[in-house]
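**Student:** What would the 3D arrangement of this be:
(one chain, ligands or ions: 2)
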Amino acid sequence: MAKTSASFTCTECGAVHRKWSGRCDACGAWNSIVEETPLSSSGPASKSLGGAKGKRIDLTTLATEEAPPPRTLSGMDEFDRVLGGGLVPASAILVGGDPGIGKSTLLLQAVAAFARKGLKCLYISGEEAAAQVRMRAARLGLADAPVHLGAETNLRDILTTLEAERPDLVVIDSIQTMWADMVEAAPGSVSQVRAAAHELVTFAKSRGVSVVIVGHVTKEGQIAGPRVVEHMVDTVLYFEGERGHQFRILRAVKNRFGPASEIGVFEMTGGGLAEVANPSALFLSERGQPAPGSAVFAGIEGTRPVLTEIQALVAPSSLASPRRTVVGLDSGRVSTILAVLESRCGIPFAGLDVFLNVAGGLKVLEPAADLALAAALLSAREDTALPADMVIFGEISLSAALRPVGQAENRLKEAQKLGFSQAILPVGTKVEGGAGMAARKLPDLVTFVGDMFGAG
Ligand code: TYD
Ligand code: MG
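**Tutor:** Ligands and ions are numbered 1, 2, ... in the order given. Next comes the predicted model:
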């Protein structure tokens, strides 16, 4: 008799292996491979689902008959915007972030705001005792908000409570502490996290309860983690920020009910998270006199224009392979632009250490930042400051040509609002009014170098 071949699946990435090993070859995760028992012993696909017929499902058309779901606004504008314009009923939301970044603080504030708007809200803490959460609420001035508070980690008890209470919104803080008794694994392991999230999301969908799941991620994204939960939920929000900075950014990386990549900006204060209505002004607030190595990038985050200062420092290196230290930008992108500057414009960076930073702790991932990044690098290398009233945007191709980017009008309008009066952008950019800015359109990086820093 042929032995049924068991299969081994990575719980992190889903890759299937023929034998168990300590590390998944596909994604590199450690200790993530589990044995899966085959569905039937007669081998794969020898039968279809068997003889028994299922029920025929009802098929419908794409034309909607229902009105879009009514959304509830919390009144915290930055939070509502990231959700895509308020909370959708029966939606599942994952809020991920490093430990200590402020997830519990944010969600306690949000849940209190929703409760004050009349939603029935539950906050289940698996990490802190009820007394600790109450103390925090008192410090944040939220003690009077009609939030139902529970401290529990047993998922069965939580679901029973939810079934009885039937709230509109429940926050589970955090998924790593939840323990589903039908799974034999420690809380925080992938199988526990996956099972608990699955139960919660299924409950949310079937009972019309919105559920917010908090998940910790480590810097390496290694913890048995929110990664497996991301597929299950409707919306994935990441709460990020540098530890030393008081700014925190809530970013939508997936949203079935609104635009992804939308951001909300907060400031961590003694009294909790304060909303930052005008992030551009904040990110540029520490900008002093024009200095070499500084360029202002007119970016778009989600649906909103955000101006940021890109800072570069270039110094002679004593190392065989010079440093490339990048904070807040994609380091692969930085390498590409250094290579383009070197081979297309003849400006070498060999033997020079390069440090790049986005002021304020924002992560800028748009390709439109290429030109501002190159400008900061060149300005630092040539020790020449760019004009203080200039904003820059545009994508750089490998041939050093400048490519137009979207929403130029919005970028220019925001820049003008903040007192900038000239802009450098790629030729071919569609700008209707010009927003009252002196816009210089350039075809390629070589022209830019010649214009700004003299030929070469
Ligand atoms: P917390 O919400 O507990 O983080 P997480 O749930 O993501 O682990 O926030 C922890 C940090 O926030 C802690 O270092 C203290 C700081 N904090 C403030 O600065 N002000 C406040 O009002 C609160 C409640 C926290
Ligand atoms: Mg917490």
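**Student:** which secondary structure elements does the longest strand along the chain contact?
**Tutor:** Longest strand in the chain by number of residues (criterion: DSSP state E): strand 304-316. When contacts are defined as 3 or more CB pairs under 8 Å, 6 or more residues apart in numbering; DSSP states H and E, strand 304-316 packs onto helix 279-283, strand 294-301, strand 352-358, helix 370-382, helix 408-417. Backbone N, C-alpha and C define where each C-beta goes, glycine included.
**Student:** what is the closest residue to V170 other than its chain neighbours paired to in the beta sheet?
**Tutor:** Excluding its sequence neighbours, the residue lying closest to V170 (CB to CB, 6 or more residues apart in numbering) is L122, at 4.3 Å. The residues listed as beta-bridge partners of L122 by DSSP bridges are H148, V170.
**Student:** Surely L122 touches H148?
**Tutor:** Yes - at 4.7 Å, L122 and H148 qualify as touching, with contact defined as CB atoms under 8 Å.
**Student:** Neighbour count for the two, which is higher?
**Tutor:** Neighbours per residue (other CB atoms under 10 Å) separate L122 from H148, with L122 holding more: 23 against 15.
**Student:** Could you measure from the more buried one over to D80?
**Tutor:** 20 Å (CB to CB, to the nearest Å).
**Student:** Which SSE is immediately downstream of the lowest-mean-pLDDT helix or strand in the chain?
**Tutor:** Least confident element among the helices and strands of the chain, by mean pLDDT, DSSP states H and E: helix 226-230 (a mean of 75). Where DSSP states H and E defines the elements, the next helix or strand beyond helix 226-230 is strand 235-240.
**Student:** Up against ligand 1, what does the stretch 201-350 of the chain have?
**Tutor:** By the rule CB under 6 Å from any ligand atom, the part of the stretch 201-350 of the chain lying against ligand 1 is 268, 270-272.
**Student:** Next step: the residues you listed restricted to strands.
**Tutor:** Secondary structure from DSSP E places 268, 272 of these in strands.
**Student:** Which members of the residues of the stretch 201-350 of the chain next to ligand 1 are classed as buried?
**Tutor:** Neighbour counting by 16 or more other CB atoms under 10 Å classes 268, 272 among these as buried.
**Student:** Please state the offset of the longest strand of the chain from the chain centre?
**Tutor:** 20 Å (CA atoms, centre = their mean, to the nearest Å).
**Student:** before we move on, what about stretch 429-445?
**Tutor:** Using CA atoms, centre = their mean, the offset of stretch 429-445 from its chain centre is 30 Å.
**Student:** Where does the stretch 151-300 of the chain get nearest to ligand 1, residue-wise?
**Tutor:** G272 (4.1 Å; CB to the nearest ligand atom).
**Student:** dump the residue contacts of that residue.
**Tutor:** 105, 109, 139-141 (CB atoms under 8 Å, 6 or more residues apart in numbering).
**Student:** do that again at 10 Å, thanks
**Tutor:** Neighbour list for G272: 102, 105-106, 108-109, 112, 136-137, 139-142, 266 [criterion: CB atoms under 10 Å, 6 or more residues apart in numbering].
**Student:** Same question for P322.
**Tutor:** So P322 contacts 314-316, 349-354 (CB under 10 Å, 6+ apart).
**Student:** okay if I get the residues of the stretch 201-350 of the chain next to ligand 1 as a markdown table plus pLDDT and distance to D451?
**Tutor:** Formatted as a markdown table, those follow (pLDDT from 0 to 100; distance: CB to CB, whole Å):
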| residue | pLDDT | distance to D451 |
| --- | --- | --- |
| M268 | 90 | 41 |
| G270 | 88 | 47 |
| G271 | 89 | 48 |
| G272 | 91 | 47 |
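**Student:** Can you say which two of the residues of the stretch 201-350 of the chain next to ligand 1 are spatially most distant?
**Tutor:** M268 and G271 (9.8 Å; CB to CB).
**Student:** Could you check how far the helix or strand hosting I158 is from the centre of its chain?
**Tutor:** Using DSSP H and E, I158 sits in helix 155-165. Centre-to-centre, helix 155-165 and its host chain are 30 Å apart (CA atoms, centre = their mean).
**Student:** Export that helix to CSV, keeping only CA atoms.
**Tutor:** C-alpha atoms of helix 155-165 as CSV (Å, rounded to 0.1, in the frame of the first residue of the first chain):
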residue,chain,number,x,y,z
LEU,A,155,-11.3,33.7,23.1
ARG,A,156,-14.2,31.4,23.9
ASP,A,157,-15.2,33.6,26.8
ILE,A,158,-14.8,36.7,24.7
LEU,A,159,-16.9,35.4,21.9
THR,A,160,-19.6,34.3,24.4
THR,A,161,-19.6,37.8,25.9
LEU,A,162,-19.8,39.4,22.4
GLU,A,163,-22.7,37.1,21.5
ALA,A,164,-24.6,38.3,24.6
GLU,A,165,-23.6,41.9,24.4
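**Student:** which residues sit against it?
**Tutor:** Taking CB under 10 Å, 6+ apart as the rule, helix 155-165 contacts 120, 122, 124, 126, 148, 150, 152, 154, 167, 170, 172, 175, 178-183, 187, 192, 195-197, 199-200, 202-204, 207, 209, 211.
**Student:** Go through it and flag the buried ones.
**Tutor:** Counting neighbours by 16+ other CB under 10 Å, helix 155-165 gives 155, 158-159, 161-162 as buried.
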